[in-house]
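**Student:** next come a sequence and a model predicted from it.
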Amino acid sequence: MTEIIDFKKALELSEGGKRHLMLGNGFSRACRNDLFAYDALFQQAEGELSDRVKQAFKILNTHDFETIMRILNSSADVLPVYTDDAALIALLKEDVDALRDALAKAIAGSHPGRPGDIEPIEFAACRSFLSHFEKIYTLNYDLLLYWALMQDEVDLLAINCDDGFRQPVDGPEEYVVWDVADNPIEMMVDSEGDLLHQEIVGIIYGSTLEGASQTEIGKIEFLKIDLGRALENEESLYMFLDGIATETAELGDILIDPKTNDIRDRIHNKEIAPPSILIFIQNLQIYPAFRGNGIGLLALHSITRTYCGLFTAFVLKAFPLQFEEVHAEKYKNLALENFTVDKVIAKKHLSSYYQKLGFWQIDDTDLYYLSSEYAHPLPKELEQYKC
């Protein structure tokens, strides 16, 4: 029979060793159980859920979001053995994505509004607990761990933490910037506590004159995926990519040999250097008032320069946003109605756009690939905008 020891005993047994901590939903519930219990989150999210997903919760008699997402993902993995119904498999994966978004919205909707809503004595107790650990990882969507780590005025503890914000290179200012290239935030860990993939959101800023205030002009979202580390851990690369996002699952079908678990050295008769690091660009948005100046290419060029390195590859899905019906609400402020309604023309435009930086189309899919060593220089007509 397994013996369960208390926290004091665990500290005594681990004295002199390295202690690491993985946090889950219990950490959030210990702070505000009325907000973060799965029953409360389900009530908050219920209006966002499809009838199919609600029925799944009912049949399994649970309000545990992670359980439902895990079962739907597993079903999508197994179904190809029993059926060729690609639409059904896509529907399962779509429901997983929608459920994940609904959970995030529920947490955001019920989350304490500001750190001041939590008493200093609560932060002090939490920090006392956290101070025993060398590394801390979280699987949670909320901000409670971040808030606790930043509340260093409530005690004299020296907890080593870094939220990635830096003073501008020109010296202290009234604002700070988040350093994408030196991002310390770890979103997924393996058994050794090493980073496997990061979800990164970058805000694109611009100004018309040197020294002028900067304006937010767009956004880019991408994944940094460590295939080399996953392979070292003897993980199934196909399953690894399948579990990250729908788009990476599609890439896994192309990039990974399921028989050997190796990264292919050819994609549809085109030779490639098998990548160790994969940058998967999920979303690039330039706000309506700033389009037509090549800003999107500048942002992509910046990403390829920031993350360039031997055995690094970049992938993006060149699908026009105006045809993304599933995410229509997400893009409602981008004035997509001004774009062409001809899907063929729109795809050709995107294809020629990304090819300027060296991306090439993977067969007849919407995926485009670029090895860092073959990246093109910035087009001459955009050099004047380079910062």
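**Tutor:** Nice, thanks for sending it over.
**Student:** and residue 312, how many residues sit next to it?
**Tutor:** 20 (other CB atoms under 10 Å). Where you see a C-beta, it was placed from the backbone N, CA and C, and this is true even at glycine.
**Student:** contacts only, for it.
**Tutor:** Residue 312 is in contact with 275-279, 371-372, counting by CB atoms under 8 Å, 6 or more residues apart in numbering.
**Student:** switch the residues you listed over to a markdown table; also include neighbour count, pLDDT and distance to residue 306.
**Tutor:** Shown next, in a markdown table, are these (neighbours: other CB atoms under 10 Å; pLDDT from 0 to 100; distance: CB to CB, whole Å):
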| residue | neighbour count | pLDDT | distance to residue 306 |
| --- | --- | --- | --- |
| 275 | 22 | 84 | 16 |
| 276 | 19 | 84 | 17 |
| 277 | 18 | 85 | 12 |
| 278 | 24 | 87 | 15 |
| 279 | 23 | 89 | 9 |
| 371 | 19 | 82 | 16 |
| 372 | 20 | 71 | 11 |
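**Student:** buried residues, stretch 345-360. List them.
**Tutor:** Neighbour-count burial for stretch 345-360, counted by 16 or more other CB atoms under 10 Å, picks out 346-347, 350, 353-354, 356-359.
**Student:** ditto for stretch 51-71
**Tutor:** 53, 56-57, 62-63, 65, 68-69.
**Student:** go on, stretch 216-227?
**Tutor:** 217-218, 220, 222-227.
**Student:** those residues: which two are farthest apart?
**Tutor:** Taking every pair in the buried residues of stretch 216-227 and measuring CB to CB, the maximum separation is 32.2 Å, between 217 and 227.
**Student:** all helices for the stretch 251-387 of the chain, in order.
**Tutor:** 295-306, 343-355 (DSSP state H, counting those that start in this stretch).
**Student:** can I get those helices in CSV including mean pLDDT and distance to residue 2?
**Tutor:** Formatted as CSV, the helices of the stretch 251-387 of the chain follow (pLDDT from 0 to 100; distance: least, CB to CB, whole Å):
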stretch, mean pLDDT, distance to residue 2
helix 295-306, 80, 47
helix 343-355, 76, 54
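**Student:** ok, back up a step: show me which of the buried residues of stretch 51-71 is closest to residue 126.
**Tutor:** Closest to residue 126, out of all of the buried residues of stretch 51-71 and judged by CB to CB, is residue 65, at 23.8 Å.
**Student:** wait, that closest one touches residue 41, no?
**Tutor:** Yes. The pair residue 65 and residue 41 passes the contact test of CB atoms under 8 Å, sitting 6.9 Å apart.
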